[in-house]
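In: Build me a model from this:
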Amino acid sequence: MVDGGGGRPPPKRMRVTYQVRDSGPDGDFRGGINALQLDETRKRLFSGGRDAVVREWDVSGTRSVEPTAATTFEGHTDWVNGLAHCGNIGILASASSDRTVKLWQIDGDVKDTDVCESRSNLQRTLRKHTDYVKAIAYAPLAKYLLSAGLDSHVYVWDMSAGTSTGELFASEVRHTDSVYALAVNHRGTVAALGAVNKVVRLWDPRTGNHFGTLQGHCDVIKALAVNEDGNRCLSGSSDNTLKLWDVGERRCLATYRPHSDSVWCVQTSSDFSRVVTGCRDGSVWCTNLGASGDHASTLVAKEPSAILALALTGDGGTVWASTVDATVRQWKIPDLAAADATTAAENGKGGIRGSDEATQCDNDSILDTSNAAQGVEDTVPGMGDTVPGAQGTEHGESNREGKTSTCVGVLCKSIMGRPALTRATILPDGQRVVTQDKAGCVALWDIVSGQHLLDCRDADFKTVLEEQSAISMAVKKWCSLDTSLGHISVHLEQDAFSAWIPATHLVALSDIQRREHRDVKVNLGGIVLQALLRHYQEGVQLAAFRTQQPSNESDDETVLADVHRQCVQQRTSHDWLCMKSSTPVHLSQTNSDPPMCLVRFTVDTAVECVSVLQTALPDWVHQCLFNSKGEPFGERGRVGSLKVLLVPRTVLAPEEARLPTISSGDLQVDETLLVSKMLTHVQEALSGPGASVGTVRLYCGKVLLTADMSAGYVHRKLWSSSKTLQLQYCGVTPTPGQG
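Out: As a prediction, this is how the structure comes out:
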């Protein structure tokens, strides 16, 4: 699938990025899930992850049937932070740290979009934001989509005309601080914003007019919910509290304290009678918002890591909860009255009572000092110390009074991902990378071919790094890495052509290929770009071929086959490398913070966005792909050369013999030249016609060189000076019995 940015001129600083992933199923993901949305009609759960992927899960099976991945939506290039299910128009909207909002078709046949989106469910990309988009909400009756983020802007998108209109933007609201939470009622008449200024702002999406603020929290507002009528609002904050507000009177009706840490997510039942909240400490609480003092909070689940998102069924009977540790679990919530009675019996009193102590920010709240609010404070659970790892109905959580609140939720289903990669270090050969994930597992990868090589189970990261670094090849830096998406992301810029190696040192080659190409030099950045963009090369030549031929002369398959053969013959390097067709690639502008993605595609879909790539790709990439003569990799891509001086070794081991000085000991060699070639040179210089000096050794200082070391490796790793590389040679005295 491909997402193109249109025909915009390429900026000055550009970067090509590709991801190295495990070759698992579509549902195989790494890292936390930041967003959840439930489609109860179709029995589907949507998840938006820190791996930049949106997934659709089939959750229609019985309790014994685990969810399966139905569809994968790929188009974002950074964390997915929010999802909005626009069910009445068949659209799922996703908000991301890549500064975009994307609209995905989830209902009916996929419609044709522009050339760069023709094979995906992606219908449109909304690009107004200039920083991370952190929150998104949808008003189904008004068909308004709202998005907000760190750029302090809130945008309102009119979805009533569908996704085919040229411009969806309707209005914007400028906030004073970065926005982290956003909610809107069904009619689109009341929207609430939560930001770092600890205040909930109320405004009308139809006009953009601000009509009130809700003050009372003493830390960042992290989660919001507004009821259908727009007269009630719930807010969750990093001050560990949940507050219920009267929107019309701008006053706090109740403050709930079930959590002992920051409240990160809030989900309400359709009738606003109960709310489920997720906390940074891993606890999930369900609170009854009933009147007449019937306020009860019950611990539904206790996960071992922070809760990032919730998805509650309309009746409030079950809830999906996602965590930082790549898990999504469904919990059945029992009747709150029965659960509260059970908890009260266990504690020997009529329910768990919170502390009467009010925080300073509550004293400043306009309504927490009222009789109604004080009554609620006396009946809700108190903030307590957690029991790490407590989970299920056999464990509990202690509040400040030392009582225990039993987890009453029943685990129904689970979706298990894998821990995100947190460290990645490239080895001196410029190809292999050692990684460590959040669980401490170490693995080895080849970033040139995009392959997972092996898992180093029960191994220490530093130990593996030292062991794998003991090789005979060292190259200049040609790329940079990061693991922000839980996978390895490899970034290539204009200096990507600085690393040359002998083809025999390519990890991806077979032994047969190494023998066939033992005298060939390979540019790592060059062959990677050619592998990533091989279908784009074919597409360019196919487009040129079609302009020269009558449209009815050949069918597409025949033409494509001919062009493919021509491309293979004209490539500037051998066609050894073949990246996985699903490898994601994107082109970004790096002179903005954060970098802005201009076009995204996969290896096999690059051919579908030829027109966009022709405009967007920088000259240094085009030169690598199409300039088969001269210097395809530019000045920076020239093979480095070294001055080498070969001199006789004077300090000898018992079995070694001193050799005479050779006249051709002052050399200018490529960095890729192997020690084996220099050994041969010494032997030939010392031997007369038909004579032989036997075995020759080469030293760099005190280090004996092996035949497969390159001159570049010896210079960078073993020679401490930037001056001429001096190597010492000597012979080996034959032992008795040898010829």
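
In: so who does the residue most central in space within the chain touch?
Out: Nearest residue to the geometric centre of the chain (CA atoms, centre = their mean): L485, 1.8 Å. By CB atoms under 8 Å, 6 or more residues apart in numbering, L485 lies in contact with Q19, G31, R50, D51, A52, D78, W79, A420. Glycine gets a C-beta too; all of them are placed from N, C-alpha and C.

In: Can you get me a residue count around the last one?
Out: So that's A420. Applying other CB atoms under 10 Å, we find 23 residues neighbouring A420.

In: That one and A52: what is the separation?
Out: 12 Å (CB to CB, to the nearest Å).

In: re the thing from before, turn the contacts of L485 into a markdown table, including secondary structure, pLDDT and distance to T255.
Out: Putting the contacts of L485 into a markdown table (DSSP: H, G, I helix; E, B strand; the rest coil; pLDDT from 0 to 100; distance: CB to CB, whole Å) gives the following:
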| residue | secondary structure | pLDDT | distance to T255 |
| --- | --- | --- | --- |
| Q19 | strand | 94 | 44 |
| G31 | coil | 92 | 34 |
| R50 | coil | 95 | 32 |
| D51 | coil | 93 | 37 |
| A52 | coil | 93 | 37 |
| D78 | coil | 93 | 35 |
| W79 | coil | 96 | 31 |
| A420 | coil | 94 | 35 |
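
In: In CSV, list the residues you listed along with distance to V196.
Out: Formatted as CSV, those follow (distance: CB to CB, whole Å):
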residue, distance to V196
Q19, 32
G31, 25
R50, 21
D51, 26
A52, 25
D78, 20
W79, 19
A420, 26
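
In: Give the buried residues for the strand or helix carrying A685.
Out: Per DSSP states H and E: A685 is located in helix 675-686. Across helix 675-686, burial judged by 16 or more other CB atoms under 10 Å covers V675, S676, K677, M678, L679, H681, V682, Q683, A685, L686.

In: got a list of contacts for that helix?
Out: Outside helix 675-686, the residues that reach it (CB under 8 Å, 6+ apart) are 644, 646, 659-660, 662-665, 667, 669, 692-693, 696, 698, 705-711, 714, 727, 729.

In: Of those, which belong to strands?
Out: V644, L646, L667, V669, V696, L698, L727, Y729 (DSSP state E).

In: and D455, what does it touch?
Out: C441, V442, A443, L444.

In: partners of it in the sheet?
Out: Assessed by DSSP bridges, D455 has beta-bridge partners A443.

In: which SS class is I527?
Out: helix (DSSP: H, G, I helix; E, B strand; the rest coil).

In: out of the contacts of L485, which are buried?
Out: Among those, those classed as buried by 16+ other CB under 10 Å are Q19, G31, R50, D51, A52, D78, W79, A420.

In: Pick the one among the residues you listed closest to A474.
Out: Closest approach between those and A474, by CB to CB: Q19, at 25.4 Å.

In: and C441, what does it touch?
Out: P419, D455, C456, R457.

In: what's the answer for I136, then?
Out: I136 makes contact with G82, L83, A84, A93, S94, A95, V101, L145, L146, S147, A148, L182, according to CB under 8 Å, 6+ apart.

In: what about the closest residue to H505 other than its chain neighbours, how many residues close to it?
Out: Setting aside the residues directly before and after it, H505 is nearest to M473 in space (CB to CB, 6 or more residues apart in numbering), at 5.0 Å. For M473, the count of nearby residues is 22 (other CB under 10 Å).

In: Please narrow the contacts of I136 to those residing in strands.
Out: Per DSSP E, the subset of the contacts of I136 in strands is G82, L83, A84, A93, S94, A95, V101, L145, L146, S147, A148, L182.

In: and the third one, bridged to which residues?
Out: For A84, the beta-bridge assignment (DSSP bridges) gives partners A93.

In: State the distance from it to L92.
Out: Following CB to CB, the distance that separates A84 from L92 is 7 Å.

In: which residues are in contact with both of those two?
Out: The contact sets of A84 and L92 overlap at Q37 (CB under 8 Å, 6+ apart).

In: Show the contacting residues for L524.
Out: Neighbours of L524 in contact, by CB under 8 Å, 6+ apart: G430, Q431, V448, V475, W478, C479, A499, W500, I501.

In: Just the closest of these to D593, please.
Out: C479 (20.5 Å).

In: Check the burial of the closest one by counting its neighbours.
Out: 22.

In: now swap in S469 and tell me
Out: By other CB under 10 Å, 15 other residues sit near S469.

In: how much space is there between it and T463?
Out: Distance from S469 to T463, by CB to CB: 11 Å.

In: One more: H85?
Out: Counting by CB to CB - H85 and T463 are separated by 47 Å.

In: in the stretch 501-650 of the chain, which spans are strands?
Out: 521-523, 584-589, 596-602, 641-648 (DSSP state E, counting those that start in this stretch).

In: What are the buried residues along stretch 319-335?
Out: Neighbour count says stretch 319-335 has 319-334 buried, by 16+ other CB under 10 Å.

In: What about those residues, which are in strands?
Out: Short answer: the buried residues of stretch 319-335 in strands (DSSP E) are V319, W320, A321, S322, T323, T327, V328, R329, Q330, W331, K332.

In: In contact with the fifth one, which residues?
Out: Under the criterion of CB under 8 Å, 6+ apart, the contact partners of T323 comprise G32, I33, G282, E303, P304, S305, A306, I307, L308.

In: what's the answer for the first one, then?
Out: For V319, the contacting residues are 267, 276, 284, 286, 300, 310-313, 330-331, 333, 409, by CB under 8 Å, 6+ apart.

In: repeat that with 10 Å
Out: Each residue near V319 by CB atoms under 10 Å, 6 or more residues apart in numbering is listed here: 36, 38, 267, 269, 276, 278, 284, 286, 300-301, 310-313, 329-333, 409, 412.

In: all strands for the stretch 351-500 of the chain, in order.
Out: So, for the stretch 351-500 of the chain - with DSSP E, counting those that start in this stretch - the strands run 396-398, 404-406, 410-416, 421-426, 432-437, 442-446, 451-456, 480-482, 488-492, 500-502.
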